[in-house]
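> attaching a predicted model along with its sequence, questions to come.
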Protein chains: 2
Amino acid sequence: MSYNSKMYGLGSKRSIIREIFEYSKLRASEIGADNVFDFSLGNPSVPAPAEVNETVRRLLDTEDSVLLHGYTSAQGDLRVRQAVADSINRRFDLALTPQHVYMTCGAAASLSICLRALISEAGEEVVVFAPFFTEYRVFVENAGGVLVQCAPEEDTFQIDLADFAAKLTPNTKAVIVNSPNNPSGVVYSKETVTALCKILEEKQAEYGHEIYLIADEPYRELVYSEVEVPYLMKHYSNTLVCYSFSKSLSLPGERIGYIAVNPDMEDGSNVYLAVCGAGRALGYVCAPSLFQQVIAACLDVKVNLDAYRVNRDLLYNGLTACGFRCVKPDGAFYLFVKAPGGDAYALYEAAKNHEILVVPCDDFGVTGYVRIAYCVDRARVERALPAFRRLAEEIF
Amino acid sequence: MSYNSKMYGLGSKRSIIREIFEYSKLRASEIGADNVFDFSLGNPSVPAPAEVNETVRRLLDTEDSVLLHGYTSAQGDLRVRQAVADSINRRFDLALTPQHVYMTCGAAASLSICLRALISEAGEEVVVFAPFFTEYRVFVENAGGVLVQCAPEEDTFQIDLADFAAKLTPNTKAVIVNSPNNPSGVVYSKETVTALCKILEEKQAEYGHEIYLIADEPYRELVYSEVEVPYLMKHYSNTLVCYSFSKSLSLPGERIGYIAVNPDMEDGSNVYLAVCGAGRALGYVCAPSLFQQVIAACLDVKVNLDAYRVNRDLLYNGLTACGFRCVKPDGAFYLFVKAPGGDAYALYEAAKNHEILVVPCDDFGVTGYVRIAYCVDRARVERALPAFRRLAEEIF
């Protein structure tokens, strides 16, 4: 084959979410969009806060075009990185400087760059916790690594720490933690995080080399209960945080986020340089310049979470009342629902017959569950509840 | 080492352009910015056309925020890709559809993605023509390839076709052509392009496999003479065009461009899918959504080239009058000046003594030249000319 067959495979294998997306459009044209209850896409339904567009207008009115739309330094504009560092320091009592912050084109870029910066030899292992975002596998393998899955505790979807300890080997280079979690909506507790970091410290000492903790945090701001989302830098020195403003400011298309390197990391300044090099190697010249300035001005602004909270409560209460089982999610905008009989595709098909579109999640590393993305209009949730009840009567 | 040493090397090795950038800032603080004649950076000095910011304001006023700032499909918004295809078809009499266009985060992303999509095995070769943009080596090596350099014809900086033919081997996967050229400013003539494509056709037949032609065209719109810039798709089926709006709309920081696959390419739809897969593997979720819409509305808009043209003429005439030798550039915004005695670093140092900052270009694959970037205020050019004359009196 004259082109890269692996890349062809990645480009041509349509994900199940993409399949559902196409089906949803087709079905809406047949029976009307209001009659299709599509819960498949993790695309924020809450608009960006007004401050975002106001900031764009202000920047256009006041800033020199050549500077505003010009290259920033590769790691991002200095004042923007200072603002991000200040924000992290203020919220988590840390001491980051701009030299710990690297602006990126969103979370996928952050993860790809971190993995490329860290993985040194083919076959090094990256541990992830099921259920996990399916693209982790793509990014790990593109960096030459091997993905290793850990099982969850089934009832809580917290991390099974015994399984985690057993999965670490002298080949382990990094561990990715995603909390609040896509697709379960679970926030890993302080107990889970503390125990996890203790295991990592012990294994680092045993193996005599670093194991990096990558905190993938696009959902940090989307929390609906009185729970703390532990900041992993506070718990473990060798932590890199991958952040994105896609969800917190409802800007998923604008591709803006950052990588933050723990100032306590030994050799952290060299790891930061490896991040810079990996960004360069992957073709990232700088994060989009206008939106660098926008997020610097909007670091304390948040989307209105009430819509997500109401949807969560409507769906969680409605579904559990008619017999479905799922953990009540503290964050993100997903419900992770157990398929009766353990067949996610059977539940997906049965729901489809009631015009309900959900994502079967076997690719997320846990079989027998579907994901319901509740980042949709409340009206869709309300219209869907009777359909869920009819589905429950049919399958239970 | 616990992190990737190659990435560390890429991140820590400061480029000469970056060194000069830091020196320029320091020197400006010492003697005043007006007294430093910095010609080192290829950052557009002409502001974006008014239509760009007007379009941003209009989009903010009229479009739904969730859609405007939301994810587009990975290959880019369908209507944007249609607009890009229409524009190419109109100008070059071709028949592209949206399925031939993949929106990217600028030219570096376009190149990285194309190379990752095409290179299948470590050691496959990518031919470039000296002088060439130094990052080509980074992108080729990150995709597992080996960079092979061809020499230019010294007097014209056209391609030395005999050398090119000799450098092609059964391992050649792709050839990168950059015209108008960074750093020489030369436009490859129709004769050069025709002969180059004939050689490629013969070698494809001889080796029995495809050799892809990658047209890196960020400077296509920046042309100051009555010369044609041949559109490589018209000359060779296996062509991919890498375009960026960084220079044509003065938006280098916004990271917006595209890859176009020749509709005549055999297996082109599979190559397009490999491009999609490579974008996914490298962490590119979609090109920035707001600026996708902006460029679709501004495809026929161009920056005001007069400033660049005047600078070119002032510098070319001024420098050749006092003894410097360079090809008169038809495009881009660079003069490529021969160092007397063939020592680019000696000329760089001598110029620095007269507060003139230019880039020694040995890393661009041709020794003994410096690059003068004339994308600066005209006043800086006018102030610099006496300094160039004093430099000439000293060194000639």
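Here it is on my side, so go on. Residues are numbered from 1 along each chain as shown, chains lettered A, B, ... in the order given.
> the residue nearest to A:V376 when sequence neighbours are not counted: how many residues sit nearby?
Counting by Cβ to Cβ, 6 or more residues apart in numbering or on different chains, A:S45 is the residue found nearest to A:V376 once chain neighbours are left out, at 5.2 Å. (Each C-beta comes from the backbone N, C-alpha and C, glycine too.) For A:S45, the neighbour count with other Cβ atoms under 10 Å in any protein chain shown is 20.
> how far away is A:S45 from A:T55?
Computed with Cβ to Cβ, to the nearest Å, the distance linking A:S45 and A:T55 is 22 Å.
> does chain B sit close to stretch A:328-337?
No. Using Cβ under 8 Å from any Cβ of the partner chain, we find that stretch A:328-337 stays clear of chain B, coming within 13.5 Å at best.
> in chain A, which spans are strands?
Here chain A has its strands, by DSSP state E, at A:37-38, A:101-104, A:125-129, A:146-150, A:172-178, A:212-216, A:239-244, A:257-261, A:334-338, A:356-357, A:359-360, A:369-373.
> how about those strands in CSV, adding mean pLDDT?
Shown next, in CSV, are these (pLDDT from 0 to 100):
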stretch, mean pLDDT
strand A:37-38, 96
strand A:101-104, 98
strand A:125-129, 98
strand A:146-150, 98
strand A:172-178, 98
strand A:212-216, 98
strand A:239-244, 98
strand A:257-261, 98
strand A:334-338, 97
strand A:356-357, 97
strand A:359-360, 96
strand A:369-373, 96
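> can you list the residues of the stretch 51-200 of chain A near chain B?
Residues of the stretch 51-200 of chain A found near chain B, taking Cβ under 8 Å from any Cβ as the criterion, are A:52-53, A:56-57, A:60, A:64-66, A:68-72, A:105-106, A:108-113, A:116-120, A:135, A:138-139, A:141-142, A:173.
> drop anything exposed from these.
A:52-53, A:56, A:60, A:65-66, A:68-72, A:105-106, A:108-113, A:116-120, A:135, A:138-139, A:141-142, A:173 (16 or more other Cβ atoms under 10 Å in any protein chain shown).
> confidence score at the residue nearest to A:G9 when sequence neighbours are not counted?
Nearest in space to A:G9, with sequence neighbours left out and distances taken as Cβ to Cβ, 6+ apart, is B:G277 at 6.5 Å. Here, the pLDDT recorded for B:G277 equals 96.
> report how many residues lie close to B:G277.
B:G277 sits with 27 neighbouring residues when counted by other Cβ under 10 Å.
> do A:S2 as well
18.
> ok, A:R378 next?
Neighbour tally, A:R378, other Cβ under 10 Å: 15.
> ok, A:L305 next?
By other Cβ under 10 Å, neighbour count at A:L305 equals 17.
> can you give me the distance of it to A:P180?
Note on A:L305: its distance to A:P180, by Cβ to Cβ, is 12 Å.
> which residues do these two both contact?
In terms of Cβ atoms under 8 Å, 6 or more residues apart in numbering or on different chains, A:L305 and A:P180 are both contacted by the residues A:L222, A:V223.
> do I have it right that the residue nearest to A:V376 meets A:A307?
Yes. The criterion here is Cβ atoms under 8 Å, and A:S45 meets it with A:A307 at 7.0 Å.
> list residues touching both of these two?
Between them, A:S45 and A:A307 share no contacting residue under Cβ under 8 Å, 6+ apart.
> contact residues of the stretch 251-396 of chain A facing chain B?
A:251-255, A:267, A:270-291.
> so of these, which ones are in helices?
Of those, the ones assigned to helices by DSSP state H are A:270-281, A:289-291.
> which pair in those residues spans the largest distance?
Across those, the longest distance by Cβ to Cβ is 31.3 Å; it joins A:N270 and A:L290.
> for the two, indicate the residue with more neighbours.
More crowded of A:N270 and A:L290, by other Cβ under 10 Å: A:L290, with 22 against 18.
> surely that one touches B:G253?
Yes. Using Cβ under 8 Å, A:L290 is in contact with B:G253, at 7.3 Å.
> what touches both of those two?
With Cβ under 8 Å, 6+ apart, A:L290 and B:G253 have common neighbours A:L68, A:H69.
> check contacts around A:E394.
Shown in contact with A:E394 (Cβ under 8 Å, 6+ apart): A:A350, A:H354.
> from chain B, how far out is it?
33 Å (Cβ to the nearest Cβ, to the nearest Å).
> same question for A:S12.
Distance from A:S12 to chain B, by Cβ to the nearest Cβ: 4 Å.
> can you tell me the closest non-neighbouring residue to that residue?
Per Cβ to Cβ, 6+ apart, closest to A:S12 is B:L273, 4.4 Å.
> report the contact partners of that neighbour.
A:Y8, A:G11, A:S12.
> now swap in A:N262 and tell me
A:L94, A:H100, A:M233, A:Y236, A:S237, A:N238, A:T239, A:L240, A:V241, A:G268.
> just curious, which of those is nearest to A:I17?
When these are compared against A:I17 (criterion: Cβ to Cβ), the nearest one is A:V241, at 25.9 Å.
> surely that closest one touches A:G257?
No. A:V241 is not in contact with A:G257 according to Cβ under 8 Å; the separation is 10.0 Å.
> least confident secondary structure element in chain A?
helix A:16-31 (a mean of 89; mean pLDDT, DSSP states H and E).
> tell me the angle that helix makes with strand A:369-373.
Put simply, helix A:16-31 runs at 60 degrees to strand A:369-373, going by axes from the mean of the first three to the mean of the last three Cα atoms, to 10 degrees.
> okay, and for chain A, where does confidence drop off?
Scanning chain A for pLDDT under 70 picks out the ranges A:1.
> name the residue closest to the centre of it, please.
Nearest to the mean C-alpha position of chain A, counting by Cα atoms, centre = their mean, stands A:P218 at 4.8 Å.
> any idea how far it is from A:G106?
For A:P218, the distance to A:G106 - Cβ to Cβ - is 8 Å.
> what is in contact with these two at once?
With contacts taken as Cβ under 8 Å, 6+ apart, the residues that reach both A:P218 and A:G106 are A:S244, A:S246, A:G257.
> in PyMOL, how would I select the buried members of those residues?
In PyMOL syntax, the buried subset of the shared contacts of A:P218 and A:G106 is picked out as below (16+ other Cβ under 10 Å):
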select buried, chain A and resi 244+246+257
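> of the shared contacts of A:P218 and A:G106, closest to A:V381?
A:S246 (21.8 Å).
> pretty sure the closest one sits against A:G106.
Yes. The pair formed by A:S246 and A:G106 meets the contact definition of Cβ under 8 Å, at 6.0 Å.
> sorry, back to before: quick check: buried residues in the least confident helix or strand of chain A?
Buried-residue list, helix A:16-31, by 16+ other Cβ under 10 Å: A:I16, A:I17, A:I20, A:F21, A:S24, A:R27.
> swap in stretch A:83-92?
Buried, per 16+ other Cβ under 10 Å, within stretch A:83-92: A:A83, A:V84, A:A85, A:D86, A:S87, A:I88.
> I'd like these as TSV, with distance to A:T367 appended.
Below are the buried residues of stretch A:83-92 laid out as TSV (distance: Cβ to Cβ, whole Å):
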residue	distance to A:T367
A:A83	44
A:V84	39
A:A85	42
A:D86	44
A:S87	40
A:I88	37
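> so of those residues, which ones are in helices?
Within those, residues falling in helices by DSSP H are A:A83, A:V84, A:A85, A:D86, A:S87, A:I88.
> ok, now which ones touch the residue of the stretch 101-250 of chain A found nearest chain B?
Closest to chain B within the stretch 101-250 of chain A is A:S112: 3.0 Å, counting by Cβ to the nearest Cβ. Listed by Cβ under 8 Å, 6+ apart, the contact partners of A:S112 are A:F139, A:N142, A:A143, A:A278, A:L282, B:A281, B:L282, B:G283.
> can you count the residues close to the fourth one?
Spelled out, that is A:A278. Count around A:A278 with other Cβ under 10 Å applied: 29.
> shouldn't it be in contact with B:G11?
Yes. Here A:A278 lies in contact with B:G11, judged by Cβ under 8 Å, at a distance of 7.4 Å.
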